[in-house]
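[1] Provided below for reference: sequence and predicted model.
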Amino acid sequence: MEQEVRDNVCNAANAFCDALRYLGDVSYAVLPRDLAHDLGDLKKTFLGGVRSALEKEIEWIDERVAGGDKLREEWKRRCQPEDPAAEPAS
């Protein structure tokens, strides 16, 4: 029974994806060939720029997290007494 439900869900998802694929194909088929290819190249160039910007943002976040780790360790060292024997007795 569960496998049948999964198969039905997968079939519905595949049908939906096929419909979206068809609509995408139609959106380019209605254009003249050269224009369709130029538009495709323009979209790929734009998305490549977006990807590049996202990669730079991810790198920046990684650097900030690493910088935060270093700063946290520095603060931790500053808060610890330098000579454990110099600590006041409780």
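    Great, that's in hand. It should be emphasised that the depicted structure is a prediction, and the values quoted were computed from it without experimental measurement.

[2] Can you tell me how far N8 is from V65?
    44 Å (C-beta to C-beta, to the nearest Å). (C-beta placed from N, C-alpha, C; glycine too.)

[3] show me where this structure has helices.
    For the chain, the helices defined by DSSP state H cover 2-29, 33-79.

[4] With mean neighbour count and mean pLDDT as added columns, please give these in TSV.
    Converted to TSV, the helices of the chain look like this (neighbours: other C-beta atoms under 10 Å; pLDDT from 0 to 100):
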stretch	mean neighbour count	mean pLDDT
helix 2-29	10	91
helix 33-79	10	97
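
[5] mind giving me the domain ranges of the chain?
    Using automatic domain parsing, the domain parsing of the chain gives 1-30, 33-78.

[6] ok, D34 - contacts?
    Counting by C-beta atoms under 8 Å, 6 or more residues apart in numbering, D34 touches no other residue.

[7] Okay, it and L42: tell me how far apart.
    In this view, D34 and L42 are 12 Å apart by C-beta to C-beta.

[8] what does E57 give?
    According to C-beta to C-beta, E57 stands 23 Å off from L42.

[9] Check D62 too.
    In terms of C-beta to C-beta, D62 sits 31 Å off from L42.

[10] same check, this time on Q80
    In this view, Q80 and L42 are 58 Å apart by C-beta to C-beta.

[11] again, but for E82
    E82 sits 62 Å away from L42, taking C-beta to C-beta as the criterion.

[12] What of G48?
    Distance of G48 to L42, computed by C-beta to C-beta: 11 Å.

[13] which ones are touching the spatially most central residue of the chain?
    The chain has L54 as the residue nearest its centroid, 7.4 Å off, counting by C-alpha atoms, centre = their mean. Applying C-beta under 8 Å, 6+ apart to L54 gives no contacts.

[14] Let the chain start at 141 from now.
    New numbering, starting at 141: the last item is L194.
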